[in-house]
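Asks: here are the coordinates; sequence isn't available:
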């Protein structure tokens, strides 16, 4: 397994979670890393990504609430999620892709971790 996501669970609205994605060294060091999510009946969407140089991009719906980071020594990318809302409920997927891969489902994917935001 090249990408292993973890950290999902049930959290109340306003709560926090941190997702982790452990990657093999070869895939982590040569790709941009990202988190995507897919809610039931909806298309998969980009949440956040971090490039090899450390620059980050966020979807508008998570700006100011989520933070993506990477630990190069551990070959791990994180997604810190604060102020969670019920609409953040989804399966969250870790992704690794080359910079030139632009298709939504391109690159390599982890198995997904379920985040449920509910009271």
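Replies: Looks like it came in fine. Here the structure is a predicted model, which is why all the values come from computation and not from measurement. Numbers count the residues shown, from 1 in each chain.
Asks: distance between the ends of stretch 39-58?
Replies: Separation of the first and last residues of stretch 39-58 by Cα to Cα, to the nearest Å is 18 Å.
Asks: contact partners of that stretch?
Replies: Stretch 39-58 is contacted by residues 29-38, 59, 62, 66-70, 77, 79, 87, 89-93, 95, 99, 104-105 when judged by Cβ atoms under 8 Å, 6 or more residues apart in numbering. Where C-beta positions appear, they are placed from N, C-alpha and C, glycine not excepted.
Asks: Need the phi and psi values for residue 28.
Replies: Dihedral angles of residue 28 (phi, psi; degrees, to the nearest 10) stand at phi -70, psi -40.
Asks: and what of the one 5 residues further on?
Replies: For residue 33, the backbone dihedrals (degrees, to the nearest 10) come out as phi -110, psi 140.
Asks: The chain: helices as residue ranges?
Replies: In the chain, the helices defined using DSSP state H lie at 25-28.
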